[in-house]
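# Just a sequence and a predicted model for now, questions to come.
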Amino acid sequence: MNRQDFIKTCAGGLCTCAVASTLGTTRLAAEEKPAKEDWRLPFVQARYGKLLEILTVKLGEVPLTETLRQLGGFCASGMQLLAKHKGDVDGFIREFGEKNGEAISFDREKGIITVVGPERTTCFCPLVNTSTTPKVVCNCSLGWQQHVYETLLEKPVEVTLKESVLRGGKRCIFEIRIKQKLNS
């Protein structure tokens, strides 16, 4: 594996792993001292944003986009709710939508799932600061959605971002198109 391949496949994941361990420590510190805000989260957000900015220049937007989509798929792969509902898209839509305040509709005839997140002023991802993180990071969410619905449907899907908080929207909206028609 050459250096560029290593950076493409690992850099986002390594940074995320380091951040996750920091956030875990942040949670413990917050439990011990709830009155004082932890300085590490804004620091990690700034560092993550800068890393994405540097990687865009070093790798180019296309390789970084692919890397972020893979990272999103990795994030989704460990979700217990996804494992619980594998093959049961309706059960997942119902339970996930209720737990996260998302309106998810499935037009079986057209083969389109629409995910409408709740209105918010910040990104769902705690690594993202909406004022400093490059918009390319939305590709992580596209990879997350793709992994989720390809796992549930056991069919390839194409995911399109219709609206994003990071890109100036009031919420995040995704359109998931099934590439092959469902049998049911």
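Received, thanks. Keep in mind it's a predicted model, so treat the numbers as computed, not measured.
# can I get the CA coordinates of stretch 106-125 in PDB?
Output in PDB follows, covering the C-alpha atoms of stretch 106-125 (Å, rounded to 0.1, in the frame of the first residue of the first chain):
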ATOM      1  CA  PHE A 106     -41.000   4.800   1.600                       C
ATOM      2  CA  ASP A 107     -42.700   5.000  -1.800                       C
ATOM      3  CA  ARG A 108     -42.400   1.400  -2.900                       C
ATOM      4  CA  GLU A 109     -43.900   2.000  -6.300                       C
ATOM      5  CA  LYS A 110     -41.200   4.500  -7.200                       C
ATOM      6  CA  GLY A 111     -38.500   2.800  -5.100                       C
ATOM      7  CA  ILE A 112     -37.700   6.000  -3.200                       C
ATOM      8  CA  ILE A 113     -37.100   6.400   0.500                       C
ATOM      9  CA  THR A 114     -37.000  10.000   1.800                       C
ATOM     10  CA  VAL A 115     -35.400  10.800   5.100                       C
ATOM     11  CA  VAL A 116     -36.300  14.200   6.600                       C
ATOM     12  CA  GLY A 117     -34.400  15.100   9.800                       C
ATOM     13  CA  PRO A 118     -35.600  17.500  12.400                       C
ATOM     14  CA  GLU A 119     -34.900  21.200  12.200                       C
ATOM     15  CA  ARG A 120     -31.600  22.000  13.900                       C
ATOM     16  CA  THR A 121     -28.800  24.500  13.900                       C
ATOM     17  CA  THR A 122     -25.900  22.100  14.300                       C
ATOM     18  CA  CYS A 123     -24.900  18.900  12.500                       C
ATOM     19  CA  PHE A 124     -25.900  15.600  14.000                       C
ATOM     20  CA  CYS A 125     -22.200  14.600  14.100                       C
END
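# what's that stretch in contact with?
89-90, 93, 100-105, 128, 130, 133, 137, 140-141, 145, 149, 157, 165-166, 170-178, 181-182, 184 (CB atoms under 8 Å, 6 or more residues apart in numbering). To be clear about C-beta, it is placed using only N, CA and C from the backbone, and glycine gets the same treatment.
# list the buried ones in it?
Neighbour-count burial for stretch 106-125 flags 106, 111, 113, 115-117, 123, 125 (criterion: 16 or more other CB atoms under 10 Å).
# how much distance is there from that stretch to the middle of the chain?
Distance of stretch 106-125 from the chain centroid (CA atoms, centre = their mean, to the nearest Å) equals 13 Å.
# For ChimeraX, write a command that selects the buried ones of the contacts of stretch 106-125.
Buried residues among these (16+ other CB under 10 Å), as a ChimeraX selection:
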select :89,93,102,104,128,130,133,137,140,141,145,149,157,165,166,171,172,173,174,175,176,178
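# which residues does the residue nearest the centre of the chain contact?
Taking CA atoms, centre = their mean, the centroid of the chain lies closest to S141, which sits 3.0 Å from it. The neighbours of S141, taking CB under 8 Å, 6+ apart as the test, are 72, 124-125, 161, 164, 172, 174.
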